[in-house]
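Student: Structure for the following, please:
(2 chains)
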Amino acid sequence: MGIKRGVSLYSYQQTQFFRQMTWKDQIVEVHDNLKTDGIEIIDQTVIRDYPFPSDAFVYEWNNFMARYNMKAVTQDIYLDTMQFRDHVMNHEEAALRLKTDIKLAAALGFQNVRCLCAIPIDVIEMALPTAEKYNVRIGKEIHAPFPIKSKGRENVQPAHGMMINVHMCEEIMELADRTGSKHVGLVPDFGIFQFRPSDVAVAYTKRHVNSPDAVDFVLENNAIYSEEEMQKLVDEKFPGNGFTPMTVHGLMLHKSSAEPEDLREIVPYIVSMHGKFYHMTEIPGEPGHYEDASINYADPIRILNEEGFTGYIDSEYEGQRHQQDRGMAYLPNEVEEVRRHHEMLQRLFDATPNKADK
Amino acid sequence: MFDSYLIREDSLENFVCPESGKVLGFKFAVRIADYRGCILSLHNGYYITVDGVEYPRELQRFQVNGKAPRDFEEIKKCVWEHWNYDDEAYVYVEKEGGLEPGVHHIGLMQSVLAQYGYAPHDEEWIKNPPVPGKGAGAGKTQFVCYYDLELQK
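Tutor: Next comes the predicted model:
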């Protein structure tokens, strides 16, 4: 048994953008070279004419997946609250979109849909009977900067972006326990174990500001100052730094948003996981072994083994977006990045025994 | 994301009125600045500058899915149509006489109101959609990208 390896085709978004690989080529890569079977997709990237694909597409998808004996693990779904443009979607309409996505996932053979952090819990509850009927689990993503456990903290409304509901995981577990449903759970993203900005994001930022020294200053001092204090400080110390309103924000990460130990409690509720990463580099002194130096994988995987997790971790490569500001020669190789990520995953899976094997 | 690749470099052309043969403006081919396609109604237009001159949303039309170019008031109503991730679209910009031959410096920022769920600005953006170019609604590429493109004949 043990933990299983999969790939979110999100990882190959750039290769698809440049028409170097279709979704079929991507599946073949997972099958032939990664020697595994788990497939996750972004609905609106793979499903042509979402949300109403042709029967021909659905047939072709199922046929291709079956031919290679692949598992459709998770379909990632979204909620565009302004879709109708004349009003903000109400919760019934949001639930209708979720139900439509569940039916579509079922038609494509997916076991799970991944919904986002900002989907209200009542919307998920409204769609739960549909999830039961179609035997598709709804997994709510735990994405940075969300924690796993609230630990007495209050919800946070940051200056940029959505409110951080620190009780999100507790709400999902409460819903699952109260209804007894096995069709609602969580999709933790390894981004919650990222403890510093990735080197590719830092390099991108340095290419686009006037003061690369100011970037280093923020990185060296981001544990001491608040974001607001830091903004003031860099503007004083580095006039004309060329920072945008988001620059400091993107450099402040110094502590992961969740603790690996917190995984223990949620393992029974995990439907699948996102193996977020930005850049796989060779571990010094260990030829052929790779790591993402900004994300803690070893501790969470050890804990998942100890708790007997046997679901999928699907690679989610996201470093490409920080390297698309120059010529084609600078574009990263997504296929190679994912291969390295799978080297790391399998090595860490094998490093400790999985409780389910006993 | 896709900073350098949102406009196809050999796609800048003038376009003419099929009846009169008069040059009505210019067009270029674009891709979505995101890792997923979008529900077409969420496309809110572009911030576009050519050689320092701004061409607001009212002068723009969007051609996708094999249909004739549509202005963004019409696009707003396409709540069940999808701009597929794989597909190129054309932006048409009204400018009498079109662009002069040669290389033009083009600035572009897309505004697509796709979201990850409810956000504090939702009601406000229904009433007053952000004006493209301000960063709001710019999705994954929240700044103006610049391209030096030669006008094709």
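
Student: which non-adjacent residue is nearest the residue of the stretch 151-300 of chain A found nearest chain B?
Tutor: Taking C-beta to the nearest C-beta, chain B has its nearest neighbour within the stretch 151-300 of chain A at A:M162, 5.8 Å off. From N, CA and C alone the C-beta is placed, and that goes for glycine too. Spatial nearest neighbour of A:M162, excluding adjacent residues (C-beta to C-beta, 6 or more residues apart in numbering or on different chains): A:A118 at 4.8 Å.

Student: looking at it, B:T49 is touching B:Y55, isn't it?
Tutor: Yes. Under the criterion of C-beta atoms under 8 Å, B:T49 makes contact with B:Y55 at 7.2 Å.

Student: burial count for the residue of the stretch 151-300 of chain A closest to chain B?
Tutor: 17 (other C-beta atoms under 10 Å in any protein chain shown).

Student: who are the neighbours in contact with the closest residue to chain A within chain B?
Tutor: Using C-beta to the nearest C-beta, B:G117 is the residue of chain B that sits closest to chain A, at 2.8 Å. For B:G117, the contact set (C-beta atoms under 8 Å, 6 or more residues apart in numbering or on different chains) comprises A:L79, A:T81, A:L116, A:C117, A:A118, A:I119, A:P120, A:M162.

Student: mind giving me TSV with these and columns for secondary structure?
Tutor: Listed next are the contacts of B:G117 as TSV, based on DSSP: H, G, I helix; E, B strand; the rest coil:
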residue	secondary structure
A:L79	strand
A:T81	coil
A:L116	coil
A:C117	coil
A:A118	strand
A:I119	coil
A:P120	coil
A:M162	coil
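
Student: Whichever of the residues you listed end up buried, select them in PyMOL.
Tutor: The buried residues among these can be selected in PyMOL (16 or more other C-beta atoms under 10 Å in any protein chain shown) with this line:
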select buried, chain A and resi 79+81+116+117+118+119+120+162
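
Student: Identify the farthest-apart pair in the contacts of B:G117.
Tutor: Within the contacts of B:G117, A:T81 and A:C117 form the most distant pair, 13.7 Å apart (C-beta to C-beta).

Student: show me where pLDDT drops low in chain B?
Tutor: Scanning chain B for pLDDT under 70 picks out nothing.

Student: Return the distance of stretch A:33-53 from the chain's centre.
Tutor: Here the centre of stretch A:33-53 is set off from its chain's centre by 15 Å, with C-alpha atoms, centre = their mean, to the nearest Å.

Student: Between the two ends of it, how far is it?
Tutor: From its first residue to its last, stretch A:33-53 covers 29 Å (C-alpha to C-alpha, to the nearest Å).

Student: So for that stretch, what gets flagged as buried?
Tutor: A:34, A:36-48, A:50-51, A:53.

Student: Take these and keep only those in strands.
Tutor: Counting by DSSP state E, the buried residues of stretch A:33-53 place A:G38, A:I39, A:E40, A:I41, A:I42 in strands.

Student: For the fourth one, give the beta-bridge partners.
Tutor: Beta-bridge pairing for A:I41 (DSSP bridges): A:Q75.

Student: Count the neighbours of the residue nearest to A:L253 when sequence neighbours are not counted for me.
Tutor: Nearest non-adjacent residue to A:L253, counting by C-beta to C-beta, 6+ apart: A:P197, 5.4 Å away. A:P197: 22 surrounding residues under other C-beta under 10 Å.

Student: quick one: A:P197 from A:Y204, how far?
Tutor: 10 Å (C-beta to C-beta, to the nearest Å).
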